[in-house]
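1. Next one to model:
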Amino acid sequence: MRGQGMLALGVVYVVWGSSYLAMRYLVSSAPPMVAAGARFLVAGLLLAAILSVVSGPAALRMRPRWLGSAALTGLLLPALGSGLVAVAERHVASGLAALLVACVPLFVVLLRWSLGERPPVGTVFGVVVGLVGLAVLVTAGDGHGGTHGTAWWGPALVVVAALAWAVGSVASVRLPVSPDPFAQSAAEMVFGGGVLVAAGLVAGERITLDAVSASSWWAWLYLVTFGSVLAFTAHAVALRTLPLSTVSTYAYVNPVVAVGLGVAVAGERLLASQMVGGGLVVVAVALLVGAEARRVTPATANGTAIKPGIGTRTRARARARTRAGDRKTVTETGDTRVT
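-> Next up, the predicted model:
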């Protein structure tokens with residue numbers, strides 16, 4: 001099982017890390033909001049169809065309050081979180097966008113702090129280091145060798161997207177949701193994708209099929225199938241078979257993968273200041289993941305630890321508590337679930 005989990009985690013490393021470069025190719029010739037929205041709409045419907053076949057149509061039943069939660073988190077995560085990144089990547093290098101999005105765990109900690117939680121000293125130190133790195137990244141440049149290119153607001157827009165993602169991550173563990181994470185995420189993607197498409201059309205975006213390049217179409221297909229459906233499934237498998245502290249390492253591996261692909265494939269250039277700022281952010285996220293992992297009980301961190309001989313109902317309650325703890329802890333480290 002561990003081998004299966006490590007393979008699944010490798011998929012998360014590579015696919016979610018490469019999604020930033022794929023997004024860059026997508027928006028190079030396609031309208032960003034409509035294209036990103038269509039991606040989530042199709043991915044959500046595809047995930048729902050797969051779930052219906054594997055688990056039966058009953059798995060898709062959603063109570064009104066679960067749908068309300070999906071609408072809110074769909075607005076915050078796919079719509080604002082990914083949608084704003086898609087818009088920004090017309091002006092910001094994919095590697096820089098990934099480094100800026102890596103600040104999500106910092107914002108999650110700050111939000112929890114504002115809600116009255118007291119993070120440990122290690123977490124506070126990680127936040128300070130990360131904020132310094134974020135300041136360096138925002139003021140350094142656009143990743144193309146200039147200072148924010150033709151749009152000075154590009155990096156700032158990615159930071160707003162990361163903040164929206166953090167708010168959605170924190171809210172998701174405080175809202176009533178379906179016990180099936182696949183059904184809930186499918187609903188989130190459908191809602192978020194619909195909002196993005198509507199916003200793009202209101203803003204005047206239109207898709208002219210013959211104007212969209214082949215590379216944009218391939219990037220869109222990759223983001224639907226691999227970026228949304230496959231990687232999310234792999235992430236769920238990794239959570240079931242590996243300790244959370246191991247799974248959470250994707251938060252600081254993804255930016256490294258994204259930067260490497262941006263340089264190797266798209267010829268993006270990193271300024272010395274961006275390398276310093278990005279390094280600080282990655283170190284900060286690693287510190288946060290480590291500090292949060294130490295707060296997790298052994299049962300939550302390593303799967304359901306249930307003593308032999310307890311009754312079926314007791315085992316079910318223990319598994320439910322573990323799943324709730326897994327979800328809460330993953331969110332605390334900035335897990336976004338929909339990438």
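2. Ignoring the adjacent residues along the chain, who's closest to V85?
-> Excluding the flanking residues, the one nearest V85 by Cβ to Cβ, 6 or more residues apart in numbering is A161, at 4.8 Å. To be clear about C-beta, it is placed using only N, CA and C from the backbone, and glycine gets the same treatment.
3. let me redo that: I50
-> Using Cβ to Cβ, 6+ apart, the closest residue to I50 is V229 (7.2 Å).
4. what's the neighbour count on that neighbour?
-> Neighbour count of V229, defined by other Cβ atoms under 10 Å: 21.
5. ok, it touching L47?
-> Yes - using Cβ atoms under 8 Å, V229 is in contact with L47, at 5.5 Å.
6. what's near enough to touch A156?
-> Contacts of A156 were listed using Cβ atoms under 8 Å, 6 or more residues apart in numbering, and they are V138.
7. again with L110
-> When contacts are counted by Cβ under 8 Å, 6+ apart, L110 touches 127, 166.
8. Go again with 7 Å.
-> Going by Cβ atoms under 7 Å, 6 or more residues apart in numbering, L110 touches V127.
9. what's the lengthiest helix in the chain packed up against?
-> Counting by DSSP state H, the longest helix found in the chain is helix 2-27. The elements that helix 2-27 packs onto, with contact taken as 3 or more Cβ pairs under 7 Å, 6 or more residues apart in numbering; DSSP states H and E, are helix 83-88, helix 94-101, helix 214-222, helix 231-241, helix 250-266.
10. List the buried residues in that helix.
-> Using 16 or more other Cβ atoms under 10 Å as the burial criterion, the residues of helix 2-27 that qualify are 5, 8-9, 11-27.
11. Give me the distance from that helix to the chain's centre.
-> 11 Å (Cα atoms, centre = their mean, to the nearest Å).
12. name the helices or strands packed onto the following helix or strand past it?
-> Sequence-wise, the next helix or strand beyond helix 2-27 is helix 32-55, with elements assigned using DSSP states H and E. Using 3+ Cβ pairs under 7 Å, 6+ apart, the elements in contact with helix 32-55 are helix 83-88, helix 181-202.
13. so which of those is the most packed in?
-> Using mean count of other Cβ atoms under 10 Å, the stretch among the helices and strands packed on helix 32-55 with the largest mean neighbour count is helix 83-88, at a mean of 26.
14. Send over that helix as PDB, restricted to the C-alpha atoms.
-> The C-alpha trace of helix 83-88 is given here as PDB (Å, rounded to 0.1, in the frame of the first residue of the first chain):
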ATOM      1  CA  GLY A  83      -9.500  32.000 -12.300                       C
ATOM      2  CA  LEU A  84      -7.400  34.900 -11.200                       C
ATOM      3  CA  VAL A  85      -4.200  32.900 -11.700                       C
ATOM      4  CA  ALA A  86      -5.300  32.200 -15.200                       C
ATOM      5  CA  VAL A  87      -5.800  35.900 -15.900                       C
ATOM      6  CA  ALA A  88      -2.500  36.800 -14.300                       C
END
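15. quick one: contacts of it?
-> For helix 83-88, the surrounding residues in contact (Cβ under 7 Å, 6+ apart) are 23, 27, 32-33, 36-37, 97, 101, 154, 157-158, 160-161, 196.
16. now do 6 Å
-> With Cβ atoms under 6 Å, 6 or more residues apart in numbering as the test, helix 83-88 has contacts from 23, 27, 32-33, 36, 97, 154, 157-158, 160-161, 196.
17. By pLDDT, rank the residues you listed and give me the bottom one.
-> The lowest pLDDT within the contacts of helix 83-88 belongs to G154, which sits at 86.
18. what's the spacing between that one and A8?
-> Counting by Cβ to Cβ, to the nearest Å, the gap from G154 to A8 is 33 Å.
19. For V136, give its distance to V104.
-> Separation of V136 from V104 (Cβ to Cβ): 17 Å.
20. List the contacts of A36.
-> If you count contacts by Cβ under 6 Å, 6+ apart, A36 has them with 82-83, 86, 196.
21. Ignoring the adjacent residues along the chain, who's closest to it?
-> Nearest non-adjacent residue to A36, counting by Cβ to Cβ, 6+ apart: A86, 4.1 Å away.
22. Looking at G3 now. What's its pLDDT?
-> For G3, the pLDDT comes out at 85.
23. With T139 instead?
-> For T139, pLDDT reads 81.
24. nearest spatial neighbour of it, skipping sequence neighbours?
-> Leaving aside its chain neighbours, T139 sits nearest to S273 (8.0 Å; criterion: Cβ to Cβ, 6+ apart).
25. Per-residue pLDDT of the one you found, please?
-> S273 is assigned a predicted lDDT (pLDDT) of 87.
26. Does it lie in a helix or a strand, and which?
-> Assigned by DSSP H and E, S273 falls in helix 272-293.
27. Nothing else from me, thank you.
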